[in-house]
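*Asks:* output the structure for:
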Amino acid sequence: MSASAYNITINDLQAPNAPGWHANGKGQGGEDQETEPGTAPGQDWDLEAFTLNGKKLTIYSGYNLLAGNKPYGLGDLFIDTNGDAHWQPGADNHINGKTDNSVFLYDYVVHFTKRSGFSIGDGSYTVYQIDNSKSVVLTETVFKSGSNPWILDTDKSSKDHIKAISSGQLGVTVNNTATLTIDGGTQVTGGTHYMGDLDVSFLPTGDLANGKTIFHITMQCGNDSLVGRVADGGATLTLLGAAMTTLAFLVRRQGKK
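*Replies:* Below you'll find the model as predicted:
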């Protein structure tokens, strides 16, 4: 396993305000075999885990990432890089309406551009850097409000407040292994797994090791919300440095014998 591969999934109870939510699933973060309170259970609605391997972000899911699950499709991927986003359940409790980024404070959106019904097509996307303002319009989920937001409304957002900076395609593969070991060494269970790989090299390298960057995704209904937080690369490097210092000391001691 690569030294830079992490399971970065965090659970609902790690949110500052998550009344009535839970983390009763399996695996790191408790998000495998878990959907949100009062929603449809089952593998085909389950967003299981996020992993980060270098600059490759992977979404693990029992939910079909490209085709969706009738009649609800996958939402956009929202990213916060400085730790101030209101991603937690209950940040915005309106349903079936418009909200804006002054509520959520995200910094980037991976916006899927080939939607057709409840499918995102081949997973093509445009990455937008967005302002924390009311001029950036977001569309909310239609069922579980605490999972908001769903997608960026590029038509109603001010072009002065969203900036296209990159593009790409979500590469999705399917694995039918009942119990699958993923990056970081933890497991996801339940049957069919959809694995969506996304290149996040549009983010500065420091953001991928700052302990603050958040990834958030849900489906149109909000049936399951998946959040990942990057590992603190500084702490990891400190531990690695200490280990190397100890090793060098032991080598010197052995050389003196």
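*Asks:* from here on, just use CA atoms for contacts and neighbour counts.
*Replies:* Fine.
*Asks:* and the residue most central in space within the chain, what pLDDT?
*Replies:* Compute the mean C-alpha point of the chain, and by CA atoms, centre = their mean the closest residue is residue 215, 3.5 Å away. For residue 215, the pLDDT comes out at 98.
*Asks:* also the one 4 residues further on?
*Replies:* What the model reports as pLDDT for residue 219 is 97.
*Asks:* what of the one 3 residues further on?
*Replies:* Residue 222 carries a pLDDT value of 94.
*Asks:* can you list the low-confidence ranges for this structure?
*Replies:* Within the chain, the stretches with pLDDT under 70 are 1-4, 15-20, 233-257.
*Asks:* ok, which stretches of it are helices?
*Replies:* Along the chain, the segments classed as helices by DSSP state H run 101-104, 233-256.
*Asks:* hmm, who's touching the first one?
*Replies:* Meaning helix 101-104. Residues from elsewhere that reach helix 101-104 (CA atoms under 8 Å, 6 or more residues apart in numbering): 85-87, 91-92, 131-138.
*Asks:* same thing with stretch 227-234?
*Replies:* If you take CA under 8 Å, 6+ apart as the criterion, stretch 227-234 is touched by 6, 8-11, 49-52, 208-217.
*Asks:* if we go to 7 Å?
*Replies:* With contacts defined as CA atoms under 7 Å, 6 or more residues apart in numbering, stretch 227-234 is touched by 8-10, 50, 208-217.
*Asks:* who wins for most neighbours among these?
*Replies:* residue 50 (29 neighbours; other CA atoms under 10 Å).
*Asks:* surely that one is in contact with residue 60?
*Replies:* Yes: taking contacts as CA atoms under 7 Å, residue 50 lies within contact range of residue 60: 6.3 Å.
*Asks:* buried set for stretch 27-38?
*Replies:* For stretch 27-38, the neighbour count (16 or more other CA atoms under 10 Å) marks 27-36 as buried.
*Asks:* let me have those residues in TSV, extended by distance to residue 230.
*Replies:* TSV is the format used below for those (distance: CA to CA, whole Å):
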residue	distance to residue 230
27	17
28	13
29	13
30	17
31	16
32	18
33	22
34	21
35	22
36	22
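*Asks:* which one of those residues is nearest residue 110?
*Replies:* residue 31 (21.7 Å; CA to CA).
*Asks:* list the contacts of that closest one.
*Replies:* Shown in contact with residue 31 (CA under 7 Å, 6+ apart): 11, 23, 25, 48-49.
*Asks:* if you set the cut-off to 8 Å instead, what comes out?
*Replies:* If you count contacts by CA under 8 Å, 6+ apart, then residue 31 has 9-11, 23-25, 47-49, 226 around it.
*Asks:* list the contacts for residue 150?
*Replies:* Residues near residue 150 by CA under 8 Å, 6+ apart: 75-76, 138-141, 217-220, 222.
*Asks:* how near is it to residue 185?
*Replies:* 30 Å (CA to CA, to the nearest Å).
*Asks:* about what we covered before: out of the contacts of helix 101-104, who has the most neighbours?
*Replies:* residue 87 (30 neighbours).
*Asks:* identify the residue nearest that one in space, chain neighbours excluded?
*Replies:* Nearest residue to residue 87, sequence neighbours excluded (CA to CA, 6 or more residues apart in numbering): residue 104, at 6.6 Å.
*Asks:* and if you look at residue 23?
*Replies:* Nearest residue to residue 23 in three dimensions, chain neighbours excluded: residue 30, at 5.1 Å (CA to CA, 6+ apart).
*Asks:* over to residue 32?
*Replies:* Closest residue to residue 32 apart from its sequence neighbours, by CA to CA, 6+ apart: residue 48 at 4.3 Å.
*Asks:* run a quick neighbour tally on the one you found.
*Replies:* Residue 48: 34 surrounding residues under other CA under 10 Å.
*Asks:* hmm, back to that, between the contacts of residue 150, which is closest to residue 112?
*Replies:* Nearest to residue 112 among the contacts of residue 150 is residue 76, at 6.2 Å by CA to CA.
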